[in-house]
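**Q** sequence? don't have it. structure:
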């Protein structure tokens, strides 16, 4: 099982979209001091949204689709519609 997820940092006022096979472990890593977009001093990343997929290729396809939006409004709309049908990637 793979998860596409959206995190939010209040300090940075930014969203992060990712994909993982272990959401709990991945969230812990985001909130530790490590190299990369979510690492560093701002360790307040919160899970705002997630979707489950049976295989990695479908999860990666969805992650890339969400990242292609490049739209905060669309991401916030997706988060707000949790539980309903998802917009096309």
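**A** Looks like it came in fine. Source: prediction; values computed, not measured.

**Q** Could you look up the SS state of residue 8?
**A** Classification of residue 8 using DSSP: H, G, I helix; E, B strand; the rest coil returns strand.

**Q** wait, what's in contact with residue 69?
**A** Applying C-beta atoms under 8 Å, 6 or more residues apart in numbering to residue 69 gives the contacts residue 75. For glycine as for every other residue, the C-beta is placed from the backbone atoms N, C-alpha and C.

**Q** Which secondary structure element of the protein has the lowest mean pLDDT?
**A** Least confident element among the helices and strands of the chain, by mean pLDDT, DSSP states H and E: helix 23-30 (a mean of 89).

**Q** How far off centre is that helix?
**A** Centroid separation between helix 23-30 and its chain, computed with C-alpha atoms, centre = their mean, to the nearest Å, is 11 Å.

**Q** May I see the buried residues of it?
**A** 23, 26-27, 30 (16 or more other C-beta atoms under 10 Å).
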